[in-house]
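Enquirer: Here is my input; please provide its structure:
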Amino acid sequence: MKVMKKIREYDYLILGLILASVSFNLFLAPYNLAAGGIAGISLFAHKLFNIDESTFIFLGNIFLLVLSYLLLGQEKTKRSLLGSLLYPLFISLTSFITTWISFDNLETVVIAILAGILSGIGSGLIFKGGFTSGGTDILNQIMEKYMHISIGTSIILVDGTITLLSGFIFGFNNMVYAIITLIILSIFNNKILLGINNHKSIYIFSNKYPDIKKYLHQELKYDSTDFDIQGGFTNKKGKAIFTVVNAKDYYKLKLALKIIDPKVFIIATNSYQQVNANIQIRS
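Expert: Residues are numbered from 1 along each chain as shown. Here you go, the predicted model:
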């Protein structure tokens with residue numbers, strides 16, 4: 001089982017690197033979409049100093065790996081080592097693809113969206129395998145440790161700065177397209193990591209919880225978990241219901257709850273993984 005898990009992790013890494021590299025060669029580099037990361041900085045280096053992008057990414061990753069080892073330690077550096085070395089190699093190996101595929105007839109905004117989708121899926125797979133592709137991912141970890149800011153904030157600061165700088169080097173229009181790419185990339189990266197949202201986790205607070213349970217169990221065929229609650233201010237005790245439903249049934253349930261109890265209070269969140277074996281999801 002552990003061997004299969006390891007194989008799957010490396011499969012995610014390789015597939016993710018291929019997709020990210022193809023996206024770089026087909027979309028990011030030809031259209032100067034500096035959507036953050038060391039790949040974005042490599043476009044600056046190529047434009048200003050005519051340095052080959054894959055060479056710059058390789059040298060930049062080596063520098064950041066050394067920095068990671070000194071500031072973050074061996075364990076965290078190991079997680080970035082393989083991706084850091086393979087990413088520029090994959091960019092070089094897939095550079096031939098531009099002789100086979102061309103998107104010259106597409107609008108640049110479509111190019112930006114496609115770049116975001118492909119890069120987002122690629123980076124999501126890399127992270128899902130437990131790896132990183134190095135580069136500014138290392139910088140984000142360093143900022144988190146020594147500047148005491150969250151990874152999310154550091155990503156916004158680093159990638160946002162790189163994307164904004166592209167406006168001075170490639171022009172305002174390219175910067176706008178790069179921002180579009182960065183947003184789409186983030187969305188698809190999260191979709192790969194968290195999964196496609198097909199369910200809703202729902203907390204139901206009502207004095208008519210027996211009727212609500214009856215509707216859930218008999219009409220919608222969902223199980224539920226009950227728990228006791230107590231108001232923090234009033235100390236009033238009551239019952240609450242937790243259930244997970246298919247997203248397509250959410251609005252049907254919400255409407256029925258309002259009919260059963262006009263004063264019902266509902267908290268609904270996206271549910272990405274079922275972890276409670278007692279809750280049965282209808283397929």
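Enquirer: buried stuff in whichever strand or helix holds residue 75?
Expert: Element membership for residue 75 (DSSP states H and E) is helix 74-93. The neighbour-count check on helix 74-93 (16 or more other CB atoms under 10 Å) flags 76-77, 79-84, 86-88, 90-92 as buried. Where C-beta positions appear, they are placed from N, C-alpha and C, glycine not excepted.
Enquirer: mind checking the longest strand of the protein?
Expert: Criterion DSSP state E: the longest strand present in the chain is strand 237-246.
Enquirer: Packing partners of that one?
Expert: Contacts defined by 3 or more CB pairs under 8 Å, 6 or more residues apart in numbering; DSSP states H and E place strand 237-246 against strand 199-205, helix 209-214, strand 225-230.
Enquirer: Looking at the second one now, give me its mean pLDDT.
Expert: Averaged over helix 209-214, pLDDT sits at 87.
Enquirer: for it, which positions count as buried?
Expert: Within helix 209-214, the residues scored as buried using 16+ other CB under 10 Å are 209, 212, 213.
Enquirer: Kindly report the same for stretch 122-130.
Expert: 122, 123, 124, 125, 126, 127, 128, 129.
Enquirer: Redo those residues as TSV? Include secondary structure, pLDDT and distance to residue 182.
Expert: Converted to TSV, those look like this (DSSP: H, G, I helix; E, B strand; the rest coil; pLDDT from 0 to 100; distance: CB to CB, whole Å):
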residue	secondary structure	pLDDT	distance to residue 182
122	helix	94	14
123	helix	91	11
124	helix	89	14
125	helix	92	18
126	helix	91	17
127	helix	87	16
128	helix	86	20
129	coil	88	22
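Enquirer: is it true that residue 184 touches residue 110?
Expert: No: the criterion here is CB atoms under 8 Å, and residue 184 misses it with residue 110 at 11.2 Å.
Enquirer: quick one, helices of the stretch 51-200 of the chain?
Expert: Counting by DSSP state H, counting those that start in this stretch, the stretch 51-200 of the chain has helices at residues 53-71, 74-93, 108-128, 136-147, 151-170, 172-194.
Enquirer: And the buried residues of helix 74-93, which is closest to residue 177?
Expert: residue 91 (20.3 Å; CB to CB).
Enquirer: these two touch, right, the closest one and residue 61?
Expert: No: counting by CB under 8 Å, residue 91 does not reach residue 61; the two are 11.3 Å apart.
Enquirer: Same question for stretch 29-46: list its buried residues.
Expert: Neighbour-count burial for stretch 29-46, counted by 16+ other CB under 10 Å, picks out 29, 31-46.
Enquirer: Averaged pLDDT, it. What do you get?
Expert: Per-residue scores along stretch 29-46 average to 95.
Enquirer: From one end of it to the other, what's the distance?
Expert: Using CA to CA, to the nearest Å, the end-to-end distance of stretch 29-46 comes out at 10 Å.
Enquirer: Where does pLDDT dip in the chain?
Expert: Applying pLDDT under 70 to the chain flags residues 1, 151-152, 194-198, 272-283.
Enquirer: So the spatially most central residue of it versus residue 203, what's the distance?
Expert: Centroid check for the chain by CA atoms, centre = their mean gives residue 190 as the closest residue, at 2.2 Å. Between residue 190 and residue 203 the computed distance is 23 Å (CB to CB, to the nearest Å).
Enquirer: what does the domain assignment say about the chain?
Expert: Annotated domains of the chain cover 2-194, 199-271 [automatic domain parsing].
Enquirer: hmm, back to that, wouldn't the residue nearest to the centre of the chain be in contact with residue 124 here?
Expert: Yes: with contacts counted by CB under 8 Å, residue 190 reaches residue 124, the gap being 7.3 Å.
Enquirer: Need the winner for burial among the domains of the chain.
Expert: Stretch with highest mean neighbour count among those: domain 2-194 (a mean of 19; mean count of other CB atoms under 10 Å).
Enquirer: Cheers, nothing more for now.
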